[in-house]
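[1] take this sequence and fold it.
(3 chains)
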Amino acid sequence: MQVVFDYYNYWICIILMMVGFYGVIAKTNLVKKALSLSVFQTGILVFYISIGKVEGGTAPVLDKTVDNPAYSNPLPHALMLTAIVVGVATLAVAMAIIINIRERYGTIDEQDLEQLEHETQD
Amino acid sequence: MELIQRNLPALVVVTPLIMGLITSIIGRRGLGWYLAMGTTAAVLAMSIQLLANVLDSGTQTVTYLMGNWPTPFGIGYVVDPLNASVLVIVSIISAVVTLYARKSVASEIAHNRLHFFYALWLFCITGLLGITITGDAFNLYVLLEISSLSTYTLVALGRNRNRRALTAAINYLVLGSIGACFYLLGIAYLYMVTGSLNIADIHDILANKVFPTWSTGAPMYRTTVIAGFAFMAVGLSLKLALFPLHGWLPNAYTYSPSAVSALLASTATKVGAYVFIRVIFTLVGVNFAYTLLHTDTVLMLSAGAAILFGSWMAFRQTNVKKLLAYSSIGQIGYITLGFALGNAGGLTASVIHLFNHALTKGGMFLALGIVAYRTGHTRLQDLRGLGRKLPFTMAAFTAGGLGLIGVPLTAGFISKWYLVSSCIEAGRYEMAAIVLVGSMIALLYTWKVVETIYFGKRDENAPVVKEAPITMLVPVLLLAGGSIYFGIDASLTSRVATAAAHFLLGGAP
Amino acid sequence: MNPEMILSLALGVPLLGTLLIVMAGRVPNLREAFTLLTALATFGLVACLYPYVVHQQAVRVELLTVIPGVPLAFKLEPLGMVYALVATLLWIPNSLYAFGYMRANNEKHQTRFYACFPLAIASAIGIAFAENIFTMFVFYETLTFSTFPLVTHKGNSDAVKSGRIYLGVLLTTSVCFQLLAVMWIVALANQGDVSSIDFTRGGIFREGLASNAIDPSIFGLLFFLYIYGIGKAAVMPVHRWLPAAMVAPTPVSAFLHAVAVVKAGVFCVIKVTVYVFGVDTLRRYDQGGWLLYAAGGTILIGSLIAMFQDNLKKRLAYSTISQLSYIVMATALLTPLSIFAAVVHIVAHAFGKITLFFAAGSVYTAGHKTQVSQLDGIGRRMPWTMGAFTVGTLSMIGVPPAVGLVSKWYLINSVIESGRIAGGHFDEIFALVVILFSTLLNAGYFLPIVYRAFFKPLSEADQKHPHGEAPWPIVTALMFTAGLTLFFFFWNKPMMELAELVRRAVG
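    Residues are numbered from 1 along each chain as shown, chains lettered A, B, ... in the order given. You can find the predicted model right below:
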């Protein structure tokens, strides 16, 4: 139990990533697949944030009233701002493609799509 | 001039990025192509200048500090013999393919969207160039995503010719994103251990502070480093389409617009291979990856399987574009095999094959694009008897095919020569045999197409086709001619590749 | 003109010829004139080099460096001279023959046809004068590719299928075996285990084997890879491409598949045996003994198959396979005199076999006959053709006054002179038996054709379709080669001089 509670932040990341990964593999609905991908990415975001945490650290804003303050590492936070943007962009592109697929095929279910493509061998 | 010269490493990436933005705003009414063409030409000039600089300078690397922030705090762009040559490969191909793209793309994309196409095109090139030149592991991720996101969209734009482009694109998007996420996760582990994102810095910390403790009683961060490297390796294998993680590639190459297929086939996977080489040799170090973890064995197995499987699947295809796509999976196997051998000859073979295969396969995809432009299809039966109708295009295609087989006096032969000799040197005779068997299968699939082109009979009622317009023909002949030229006189490519290999094995970042 | 320049020109002129032939494609007479001029010029240039070889002057041309340390370079040398002279000399009558044949049979795409020949010749000259094993390999492959359009000339499904076999067998063997051996030797040279990758007197392995840097079994394996990597020598079981190539028009079969291509194969076998592996070295380390049996088996099986071929060209093809293995077997005997005999047989067989093929094509052109069983009484209608055919036959069997006897004479001599027969060495006894038995077989499958042609009456169907001799270019060409076959029995100084030089290089 100790392992679970001591490293609970990592466990959350692992669970999030695995939930997302499972969704990407198992779901046949393309929208659900794209959303699962987002969940997976979120797991990584949380992981980055948590490794930047310094015990007892505060927000890394220079405060002259406190002596020897412990700051959280701001770099992972900054990195994740970029990663969030990337994630949003990925989701947007995915959704755009899925909308197109809906228009052309009339379905967004992967199995149906496979069948449709199998029928029209081109 | 002085100012440009000094800022070249940054300009080579920033120019296409800014021009991409500009193109998306003002690039209407056919202006987009002119902007893209000018940009890629400028980028080509810059990267050749960079390569010349780095080969001339004795120190071998040039570091450029973004905003003058010193590394490891700021982002540094590093130019060394290896990535300067990859830069040249990417920029040559993108300039040539852009020249070709004008007519080809106009026939495949709606006219009011053309400027968006060229904007994405430039973003994709930005990403590829950036990945190559950056010395920062996280910056690399961002640029990887810039190129990937634009690539997904570019692939999806093949929808006008075949709606399967859309499913190919979403499939590529999902797998590509997972690959990128794995890479990102791997960076996180290494960051936890080293507290740095600069590739050179991470290497120094690992080599000087972390690895030495492993032979003592108290090994530091052993599991973390191994996990980090494992995540990166898997993620990059996905990007590289290394067997068995190649699933996204055949459809993505087959259904994207002709120009995009050519660009992707000859640059995207090459850059993936470059990053892999970079991670193994300059990030974690070859001792860790090969001697300790035996990644080389895994890579060699994958590469061998890729060569045999990719070539065999290529033989079984009836769509020639898909045939070329599967052939690319096999060729990626050759590249991987080279750097998996880990000796100077193997690395030279890898780097040289990056270039030679880019020329060969790029030329073939472009030639096939002309077939698609003239007949609307790329099925095997559509190529029947085209040897008489499209003599130059088909001659270029055949020259490329000979290169894939590795016939002497083509560039492919040079790569194969280096690869097999270094297999023998390393005592991996079974891999040498696989390479040779692979080229025999390449003979099978190439000859299947060549026979159709020259001995097939065109259908009576097939539409009349004539030779391609000059702007499409010239790029094809340039690449095909290049693939012959560098097979006859390989001194330039050998020199650059050898310099790159020695730089990698020199250990210094 | 200095010899280096002549050598470069000998390589360059055929390429120029190709260019001219393509440009003159629309004017057949001009195109044919260019072909003949190129042939004459090329032979003239090669002949000019002859004195330099006899005086053993070192003439070397380095074309370019493909890969650092592995240049494309050429060097004059007597063995190569024999092959180059034969190939370029016989190209002249063959060009003449081709004009008659291609026009009389209304073949299509003649420009492509004529354009490919000089490319093949340039490759052949490249092989002949290659200075190192890499150069030889490169031109060996270009020879394969430049002849592919000629083999598949007809473009029908038969031609495509045969082209597949042709390319498949030749490329698979050369890439999987020969290229591997070449790379292996280059890798050994880089490590300093073999002295160089150039063709060297006495071979390149001597020091490496003596100092135990190379295992004798590796040495033997490399020899095996090389021999079977040279598929053009058609040692069974890699002979299938040669009968397949018979689908080509007769000028191609006659010149390429009786002279240039197959002789390139056996030439390469002799060259690597003498100058790479070394006759003495092979003997000392007792490697390559199997080759004698492989070649002997090929001689016998090839002759036996030839007996049962009704298609005249197929019969000639299997005869070629068997005759090529004479040369390989002579090489495998590994004595200076046997190598001498091998060199002489390259020349002797070339003259005789091209005559036979010319005659076969002549019969096809004039009488549209392809099968042996259709030839009854044709000798009276086509006396010149069948007369030449008889001369070729005599040469193949080894009956005077044809040049075939000369080589057979030396071959038998080399077996007996080695003095090992009396010692009861099985190798030499086997060789002798093969030679004697195959001579019988040769007579058995060639003489019936001559008998049919001259002594059997015309069939009734044939009497209704009168025809005479083939067009004059064909007859002239085949009389010329038949004349050479007889002439070289009486006067063969250059051949003997060069073969003697090769023999000295061996001993």
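[2] in chain A, which helix has the most residues?
    Taking DSSP state H as the assignment, the helix of chain A that covers the most residues is helix A:74-105.
[3] going along the chain from that one, find the next helix or strand for me.
    Beyond helix A:74-105 in the direction of the C-terminus, DSSP states H and E gives the next helix or strand as helix A:110-119.
[4] can you pull the buried residues of that following helix?
    When burial is assessed from 16 or more other CB atoms under 10 Å in any protein chain shown, helix A:110-119 yields the following buried residues: A:110, A:113, A:116-117. Placement of C-beta: from N, CA and C, glycine included.
[5] nearest to residue B:492, of those residues?
    residue A:117 (45.0 Å; CB to CB).
[6] so, low pLDDT: which residues of the chain?
    Assuming you mean chain A. A:120-122 (pLDDT under 70).
[7] wrong one, I was asking about chain B
    Per-residue confidence for chain B (pLDDT under 70) gives these ranges: B:58-60, B:507-509.
[8] 80 instead, please
    Along chain B, the parts satisfying pLDDT under 80 run over B:1-5, B:27-30, B:56-62, B:66-73, B:161, B:216-220, B:459-464, B:506-509.
[9] can you name the residues of it that neighbour chain C?
    Selection of chain B residues close to chain C by CB under 8 Å from any CB of the partner chain yields B:402, B:405-409, B:414, B:417-418, B:420-421, B:424-425, B:432-433, B:436-437, B:439-440, B:443, B:447, B:451, B:454-455, B:487-491, B:494-495, B:498.
[10] can we see that at 6 Å?
    The interface of chain B toward chain C, taken as CB under 6 Å from any CB of the partner chain, is made up of B:408, B:420-421, B:424-425, B:436, B:439-440, B:443, B:451, B:455, B:489-491, B:494.
[11] for the nearest residue to residue C:294 once chain neighbours are set aside, give me its contacts.
    Distance criterion CB to CB, 6 or more residues apart in numbering or on different chains; nearest residue to residue C:294, sequence neighbours excluded, is residue C:235 at 5.5 Å. The contact partners of residue C:235, by CB atoms under 6 Å, 6 or more residues apart in numbering or on different chains, come to C:294, C:298, C:328.
[12] do you know how far the last one is from chain A?
    Here residue C:328 is placed at a distance of 52 Å from chain A (CB to the nearest CB, to the nearest Å).
[13] pLDDT (mean, whole number) over whichever strand or helix holds that residue?
    Under DSSP H and E, the secondary-structure element containing residue C:328 is helix C:312-332. Taken as a whole, helix C:312-332 has a mean pLDDT of 92.
[14] could you list the low-pLDDT ranges of the stretch 51-200 of chain C?
    Scanning the stretch 51-200 of chain C for pLDDT under 80 picks out C:68.
[15] before we move on, back to that, okay, and which of the residues of chain B next to chain C map to helices?
    Those of the residues of chain B next to chain C mapping onto helices are B:420-421, B:424-425, B:436, B:439-440, B:443, B:451, B:455, B:491, B:494, per DSSP H.
[16] go through those residues and say which is closest to residue B:114.
    Using CB to CB, residue B:451 is the member of those that lies nearest residue B:114, at 37.6 Å.
[17] name the nearest residue to the closest one, sequence neighbours excluded.
    Taking CB to CB, 6+ apart, and ignoring the residues beside it in sequence, residue B:451 has residue C:160 as its nearest neighbour in space, at 5.8 Å.
[18] could you do residue B:478 as well?
    Counting by CB to CB, 6+ apart, residue B:478 lies nearest to residue B:96, which is 5.6 Å off, once chain neighbours are set aside.
[19] helices and strands around the helix or strand hosting the one you found, which ones?
    Following DSSP H and E, one finds residue B:96 within helix B:81-106. Other helices and strands packing on helix B:81-106, by 3 or more CB pairs under 6 Å, 6 or more residues apart in numbering or on different chains; DSSP states H and E, are helix B:31-56, helix B:114-133, helix B:258-263, helix B:344-375, helix B:470-488, helix B:491-505.
[20] what are the buried residues along it?
    B:81-105.
[21] swap in stretch B:120-133?
    The neighbour-count criterion (16+ other CB under 10 Å) identifies B:120-133 as the buried residues of stretch B:120-133.
[22] ok, now stretch A:54-69?
    residue A:60.
[23] please compute how far that stretch lies from its chain's middle.
    For stretch A:54-69, the distance between its averaged C-alpha position and the chain's averaged C-alpha position is 30 Å (CA atoms, centre = their mean, to the nearest Å).
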